[in-house]
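[1] sequence first, predicted coordinates after that:
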Amino acid sequence: MKDSRSRILTTHVGSLPRPDALLELNLRRLEGDADDAEVAGALRDAVAGVVRRQVECGIDVVNDGEFGKSTTGQSDYGPWLAYAWERLGGWEVQPDDAPSLMLRDAADFPTFYPTMWHEVGGARGSAAELIQTTVQTGPVTYTGHALVRRDLENLAAALDGAGAEEAFVTAVAPASFNRGQNRHYRSEKDFLFALADALHEEYAAITHAGFILQLDRPAQNPVLNVSADEVQREMELGIEIVNHALRGIPPERVRSHWCGGSGNRPHTQDIPLRAVVSTMLKMNVQAYGFEAANPRHEHEVEIWEDVKLPDGKIIVPGLISQSTNVVEHPELVAWRIRNFARLVGKENIIAGVDCGFSQDWDLIRVHESIQWAKLQALVEGAALASAQLWGRDSVTAEREHRLEVAR
């Protein structure tokens, strides 16, 4: 994994708004009315376009926008998680008799959610009407070899000659997938270890292809209405499961992303970073991503005054937020970077985003044009911080070297 040895590198969390044509094709596929070749071609072109756009914006560590991940009609979670049903076997659809999952702060703001869960980017289709419930009724198997190979080939082709520093691919962590729906294994822990064994195949494919693996919500149960003690137990179990899933994969090929969800909502019940940071650092990964830009988490930079980042590790703090249409000023981004650099060292920071810009099937968190303006502010802020931390001449020389390599 590249580090910020001579300047602050930039990246993001993963999901970016899909082009309208790709969204329409995904919906038609979900309804059984799409040609596989047409979808494959549109996906390939969309990935090439979004990689090119990231590089043009100045993002160093890019991805495919998660365009190859789509909902399957089996979950009200976004493609970041629901895509895995296409790649795992042993489950079946059953009647939806499970209680709805509630976010922790919904009880405090009961009138907020009915008015705020709406389509920010305009109607995309009727995917929500197709949602069903799945349960695990047999052994977990990995069946996604062709799909992950397609995603990796599309990203590799898009990167050819693009000039990106590095690329990452996201994957859901075992502890976040299909919790509470086990009907086959003797215990939830047995189920999670089986998921870890199956998902290990996807993780290994990503890293063997030369990409950085990003594990999403590596130790978090997506059911958030749990106590603080349960959160800690979930973290400990999640880390154990994640490390099992990563066996044999070099930590320097893996980064993680911890967040309280990407939505524009109160976040008053988000889990404090201080409550979980010591457990988080036990993951066998090189880089740790977390929220640091939104008003519920920005102050948490202070925890690094008394929490030592282990040698050789990197943090990827969110320095811009996906949950507001306000575009951060580059000087604010640079100030935030300097605050972290003072505590963990400038070489140990990659500038990131709090969460994904398009986490769900038909929702975008900010307008697409504003998303790119925010990423541009991230890039400009990182360049400004680099000039302040290293000296302007060295930063200029590094950028000229990169341009020469790209040519």
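    Great, that's in hand. Everything quoted here is computed from the prediction, not taken from an experiment.
[2] what's the local residue count around residue 183?
    By the measure other Cβ atoms under 10 Å, the count of residues near residue 183 is 12. C-beta: built from backbone N, CA, C; applies to glycine.
[3] quick check, residue 176 in contact with residue 78.
    No - with contacts counted by Cβ atoms under 8 Å, residue 176 stays clear of residue 78, the gap being 11.5 Å.
[4] my read is residue 376 is in a strand, agree?
    No - Residue 376: not assigned to a strand; according to DSSP: H, G, I helix; E, B strand; the rest coil it is helix.
[5] what's the spacing between it and residue 383?
    11 Å (Cβ to Cβ, to the nearest Å).
[6] now residue 140
    Look at residue 140 and residue 383: by Cβ to Cβ, they are 45 Å apart.
[7] which stretches of the chain have low pLDDT?
    Applying pLDDT under 70 to the predicted model, the residue ranges of the chain that meet it are 71-77, 95-104, 113-132, 220-228, 262, 359-363, 393-407.
[8] show me where it has helices.
    Listed in chain order, the helices of the chain (DSSP state H) span 20-30, 36-57, 79-82, 113-116, 145-159, 188-208, 228-245, 273-280, 330-344, 368-390, 392-406.
[9] surely residue 258 and residue 288 touch.
    Yes - here residue 258 lies in contact with residue 288, judged by Cβ under 8 Å, at a distance of 7.1 Å.
[10] which neighbours do these two have in common?
    Contact criterion Cβ atoms under 8 Å, 6 or more residues apart in numbering; residues shared by residue 258 and residue 288: residue 280.
[11] which one's more surrounded, residue 376 and residue 383?
    It is residue 383, of residue 376 and residue 383, that has more neighbours when counted by other Cβ under 10 Å, with 22 against 17.
[12] list the contacts for residue 157?
    If you count contacts by Cβ under 8 Å, 6+ apart, residue 157 has them with 44, 47-48.
[13] ok, residue 236 next?
    With contacts defined as Cβ under 8 Å, 6+ apart, the neighbours of residue 236 are 219, 279.
[14] please determine how far it is located from residue 180.
    In this view, residue 236 and residue 180 are 18 Å apart by Cβ to Cβ.
[15] what do you get for residue 21?
    Remark: distance between residue 21 and residue 180 (Cβ to Cβ) = 36 Å.
[16] same deal with residue 267?
    23 Å.
[17] who's more crowded, the two?
    Remark: of residue 267 and residue 180, residue 267 carries more neighbours, 18 against 13, as counted by other Cβ under 10 Å.
[18] excluding chain neighbours, what is closest to the more buried one?
    Once its chain neighbours are removed from consideration, residue 267 has its nearest residue in residue 296; the separation is 4.4 Å (Cβ to Cβ, 6 or more residues apart in numbering).
[19] can you pull the contacts of that neighbour?
    Listed by Cβ under 8 Å, 6+ apart, the contact partners of residue 296 are 260, 267-268, 270.
[20] hang on, the earlier thing: who wins on neighbours among the contacts of residue 157?
    Taking other Cβ under 10 Å to define a neighbour, the member of the contacts of residue 157 with the most is residue 47, carrying 26 neighbours.
[21] hmm, residue 66 and that residue touching each other?
    No - the pair formed by residue 47 and residue 66 falls short of the contact definition of Cβ under 8 Å, at 9.9 Å.
[22] distance of residue 172 relative to residue 84?
    As judged by Cβ to Cβ, residue 172 and residue 84 stand 5 Å apart.
[23] before we move on, what about residue 108?
    Applying Cβ to Cβ to residue 108 and residue 84 gives a distance of 31 Å.
[24] more neighbours: these two, which one.
    The residue with more neighbours, out of residue 108 and residue 84, is residue 84; 27 against 11, by other Cβ under 10 Å.
[25] surely the more buried one and residue 199 touch.
    Yes - with the criterion set as Cβ under 8 Å, residue 84 and residue 199 qualify as a contacting pair; they are 7.5 Å apart.
[26] shared neighbours of these two, which are they?
    For the pair residue 84 and residue 199, residues contacting each of them under the criterion Cβ under 8 Å, 6+ apart are 172, 177.
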